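Asker: what shape does this take:
(one chain, ligands or ions: 2)
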Amino acid sequence: MKPSDPGKLDRVIAEQRRLQDERAQSYRERALKIYPWICGRCAREFTHRNLRELTVHHRDHNHDNNPPDGSNWELLCLYCHDNEHQRQIEAATGTGSTGADAGPASTHSPFAGLKDLLGKKGDPQ
Ligand SMILES: [Zn+2]
Ligand SMILES: [Zn+2]
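Answerer: Numbering: from 1, shown residues only. Ligands and ions are numbered 1, 2, ... in the order given. From the prediction side, this is the model:
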């Protein structure tokens, strides 16, 4: 066995980054081809000059979900994109929703409903 190459991990990471960039670049390009260059929230229009400020948002927040028809994409300007994600964070942490006496964020369990589902389905008798 050869001793592990200390530079290998770096190269693998660099390669991953490159692939990620490439993928981001390609879905961005495709999204810009499908959709008009207008922010989906504030209707700001974009041209080649300021196109960098127009971002591709993933509706389900899953950057790996890139259907060819573009149904998971939404073109948003930087500000609206920020807002969109801010809302998501606020929804997740519960900040900004209730009054001052909200207390600590509730313990969110993604499997809370799953147990019920399994209990109903998996009847042993
Ligand atoms: Zn906007
Ligand atoms: Zn986004």
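Asker: quick one: the strands in this structure?
Answerer: Assigned by DSSP state E, the strands in the chain fall at 54-58, 73-77.
Asker: could you single out the most deeply buried of these?
Answerer: strand 73-77 (a mean of 22; mean count of other Cβ atoms under 10 Å). All C-beta atoms are positioned from the backbone trio N, CA, C, and that covers glycine.
Asker: what does the protein put close to ligand 1?
Answerer: Selection of the chain residues close to ligand 1 by Cβ under 5 Å from the ion yields 39, 41, 42, 44, 77, 80.
Asker: how many other residues sit next to residue 37?
Answerer: 14 (other Cβ atoms under 10 Å).
Asker: so what's the closest residue to it other than its chain neighbours up against?
Answerer: Nearest in space to residue 37, with sequence neighbours left out and distances taken as Cβ to Cβ, 6 or more residues apart in numbering, is residue 46 at 4.0 Å. By Cβ atoms under 8 Å, 6 or more residues apart in numbering, the residues touching residue 46 are 37, 38, 39, 53, 54, 77.
Asker: from residue 4, how far out is residue 46?
Answerer: 47 Å (Cβ to Cβ, to the nearest Å).
Asker: kindly report the same for residue 18.
Answerer: 22 Å.
Asker: the longest helix seen in the chain - what's its average pLDDT?
Answerer: In the chain, with assignment by DSSP state H, the single longest helix is helix 8-34. Averaging pLDDT along helix 8-34 yields 92.
Asker: quick one: buried residues of it?
Answerer: 27, 28, 30, 31, 32 (16 or more other Cβ atoms under 10 Å).
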